[in-house]
Every structure is written in C-alpha cells, then in structure tokens.
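> From the sequence below, what's the structure:
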Amino acid sequence: MGWLLSKDDIKGFFPTPSSGVVFLLYMAMFVSQGLLVTSSRKGSTEYSYNVTTVVLLTEILKLILSASVYISQNSIHSMVRVISENFYILFLYLVPSSLYCIYNNLAFYSLSYFNPTSYFMFMQIRLILTGFIYQVLFKRKLSGIQWFSLALLTLGCMFHGAGGGNSALGFGSDKDSISALGAGFFFIFTQVMCSVFAGVYNEYIIKGEGSGVDIMIQNVFMYLDSILCNLILLGAKGEIISALSPDSLGSVLQVLVLALVINNAVLGIITSLFLKKLNSIVKAFASALELVLTALLSVPILGIPLSLETVIAILIISAAVITYVKNPIKEQTAKPVDESKV
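Below is the predicted model:
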C-alpha cells in the first residue's frame, strides 16, 4: 500500500467539498478548546471561575446561535411551527445531552490532571469503542482494514500513555501522585464512555428520527436539554445560587474564559454539522489529528516539550489516519444532502 494520498483518496474521505471545510473547522476549534482551558488556569492547578457556570453559559450561547442561524434563513414563526411538529425529538436528545453535560464538566477536571497533549492521547481510547457502538446502532460492519486503522490509532495513544510517565501529569506538584493519577484516569474513562455513546447516538438521531428536521432545530432541542441537564447538575451539587451569583458570573468576564465560552459554543454547532455531513468514525480520526496539532502547538504556546514517546505516537497515528483515508466507510446516499440547509 502506497502512503501517498491521491485526489481520489481525498474525495472518498470527504463526500462533499463543504464536508472538508467542516472537518478542518472541527479540528481547529477542538484544539483551541484544549489550549484555552489549560491557559485559563494561568499556571495554577485550580480554576479561578465556576466551571459549571461556564458550561451552562456555553450551552445558552449555543442555543442562541442555533436559533439565530435558523431564524436568519427562515422566520420565528417557522421555527415555532417546526419545533411544535417535532417536539418528540426533544425527548430523544435527553440521552446525548445528559452525557455531554457530564463530559463537558469533567473535561475541566481531567485537564487539571493532564496537560493537553496527554489528555487528548488518553481520550483516544474511545476510538475502538466508537467502532463497536457504530456497528450496533447503524448496523454497518467495518472492514478488516478499517478495524486495523482504528487499532493502529489506539496503539499510538497507548504507546504514549505507557512511556509518558509523570510527564503526562498536570502542572501542579500536588497532582503528581498515584492517587491523583488514578482520579485523573477515572475522569478520563468516564469522559470516554460519555463521549462515545453520546456522539454515535447523536449521529443516529440526526440521520434517523431527525433526518427530516433542519439541523439547527435539532441543535435547539439538544441545547434546551443540555441547559436543563446542567441546571439539574447544579441543583444536585447545591450550587444553583452560587453558580448564578454576581461573583460567579463576574468571574467569567476574563478574556481567556470568554474566548473559551465562545469557542466551545461554535464548536458545538460545528460538531452537529460534522455528524450530519460525515460520521462518528471520521470524527474519531479527526480527534486523533487534533492530538497531533495540540502536541505541536503546545510547544510554543504552553511551553510543553515534545517527548520521544509523543513523536513516535504521532508517527503511528499519522500512519493510521492515512490507512483509513485510503479505506473509508462509504456514506449512505439514500437521501441527498441539501447543502443550502446545513
């Protein structure tokens, strides 16, 4: 197998020109998110703002952006009508929105134990799990070479994890202990499970029950549920009043935190477009490429050096991505994509 990608390989990987744009935007926004979360700590192991408040405000901004995009192309009356006609989809989105709620909140805790490169490395455990869940929900069997590329991708991540040692830990010395490392891995594992099932199930709704509903309306359903889930989480933690207090809201008014909120909100919109135009397997490979970009950008931005393990892992990941691009899952074309609506 040649390692050079041809135009046919690229066309097979991206079914439409706009899907390639969405792919690149998704990677750029996701990499920025990890760097912004880490930078917002300003070298500390703790956050100077209420994490749940930030997540809640982000979901509210996602809702506003989704509704605004739909209204700009249609009307408020049209939005109300479509929502009322498809209200049952709101309940379907309770599953992925609750899982994403847990995922988003845990991301802050995970990144306080691991630097961005290591965080993304360990998160790639979700690759193999994504393949299994994707096959079950979509009833589409992956080929041997596709499984090989996923396994190779996972191997690259495991290689870094096995050889990274304490360099994988966060920046604070109080985090550098076996118990802290165990807590960090627990957060990562929980995030992985939430991410995998929520992502594939979200795609299942977008291309299944909600296939006839505008993607922005589906986003409205998702973020309404997400706001509800975050409020429930705040209530369970007894933090509703404190999270919405002037002090908590005021703590968000920092340049890096505001940038984090805006970036994450836009990332949410891009993710929905990604799942509509591509699929969860390609999303997994995009996440691995984010890892490469994060590792490279962390050197000049955060001063985190590239270890030998990271360099080797990046080479393995690159080989896995090339293998998959040459043998991608073919998108089903039963329903043509109306690009004017997405």
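> ok but Pro328 is inside a strand, no?
No - under DSSP: H, G, I helix; E, B strand; the rest coil, Pro328 sits outside any strand and is assigned coil.
> for the chain, which spans come out with low pLDDT?
Regions of the chain meeting the criterion pLDDT under 70 cover residues 1-5, 45, 117, 120-121, 124, 157-158, 160-177, 331-342.
> ok, and the closest non-adjacent residue to Ala67?
Closest residue in space to Ala67, ignoring its immediate chain neighbours: Val220 at 5.6 Å, by CB to CB, 6 or more residues apart in numbering. Using the backbone N, CA and C atoms, a C-beta is placed for each residue, glycine as well.
> Phi and psi next, for the one you found.
phi -60, psi -40 (degrees, to the nearest 10).
> List the contacts of the spatially closest residue to Tyr324 that is not a sequence neighbour.
Of all residues not flanking Tyr324 in the chain, Ser149 sits nearest, at 3.9 Å (CB to CB, 6+ apart). Neighbour list for Ser149: 320-321, 323-324, 327 [criterion: CB atoms under 8 Å, 6 or more residues apart in numbering].
> Restricted to helices, list the residues you listed.
Members of those lying in helices (criterion: DSSP state H): 320-321, 323-324.
> Tell me the one of these nearest Leu35?
Of all the ones in helices among the contacts of Ser149, Leu35 sits closest to Val321, with 21.1 Å by CB to CB.
> thought that closest one was touching Ser287?
No - in this structure, Val321 is not within contact of Ser287 by CB atoms under 8 Å, at 10.7 Å.
> ok, back up a step: now, among the ones in helices among the contacts of Ser149, which is nearest to Ile281?
Checking the ones in helices among the contacts of Ser149 against Ile281 by CB to CB gives Tyr324 as the nearest, at 7.9 Å.
> Number of residues surrounding that closest one?
Residues near Tyr324, counting by other CB atoms under 10 Å, number 23.
> Tell me the secondary structure at the residue lying farthest from the centre of the chain.
Going by CA atoms, centre = their mean, the residue of the chain most distant from its centre is His77, 32.0 Å out. What three-state DSSP gives for His77 is helix.
> What separation is there between it and Ile227?
Between His77 and Ile227 the distance is 23 Å, computed by CB to CB, to the nearest Å.
> repeat for Ile281
Look at Ile281 and Ile227: by CB to CB, they are 29 Å apart.
> quick one: which of these two has more around it?
Comparing Ile281 with Ile227 by neighbour count (other CB under 10 Å), the higher total belongs to Ile281, at 24 against 19.
> pretty sure that one is in a helix, no?
Yes - applying three-state DSSP, one finds Ile281 inside a helix.
> Could you look up the SS state of Tyr49?
Following three-state DSSP, the label given to Tyr49 is coil.
> gap between it and Leu111?
Counting by CB to CB, the gap from Tyr49 to Leu111 is 14 Å.
> and Ser39, what does it touch?
So Ser39 contacts 256, 301-302 (CB under 8 Å, 6+ apart).
> oh, I was asking about Ser248
Going by CB under 8 Å, 6+ apart, Ser248 touches 49-50, 53, 242.
> Mind doing that once more with 7 Å?
Neighbour list for Ser248: 50, 53, 242 [criterion: CB atoms under 7 Å, 6 or more residues apart in numbering].
> tally of neighbours for Leu231?
17.
> I misspoke; the intended subject was Leu152.
Leu152, neighbours per other CB under 10 Å, totals 18.
> which SSE is it in?
helix 144-164 (DSSP states H and E).
> From Leu306, how far off is Pro300?
With CB to CB as the criterion, Pro300 and Leu306 are 11 Å apart.
> same check, this time on Phe274
28 Å.
> So for the two, which sits in the more crowded spot?
Comparing Phe274 with Leu306 by other CB under 10 Å, the one with more neighbours is Phe274, at 23 against 13.
> so who does that one touch?
22, 26, 283.
> So which residues make contact with the helix or strand where Leu106 lies?
Using DSSP H and E, Leu106 maps to helix 94-110. With contact meaning CB under 7 Å, 6+ apart, helix 94-110 is reached by 37, 47, 51-52, 55, 119, 184, 187-188, 190-191, 194-195, 197-198, 201-202, 222, 225-226, 229-230, 233.
> make it 6 Å
By CB atoms under 6 Å, 6 or more residues apart in numbering, the surrounding residues in contact with helix 94-110 are 51, 55, 119, 187-188, 190-191, 194-195, 198, 201-202, 222, 225-226, 229-230.
> Of those, keep whichever come out buried.
When these are checked for burial by 16 or more other CB atoms under 10 Å, the buried set is 51, 55, 119, 187-188, 191, 194-195, 198, 201-202, 222, 225-226, 229-230.
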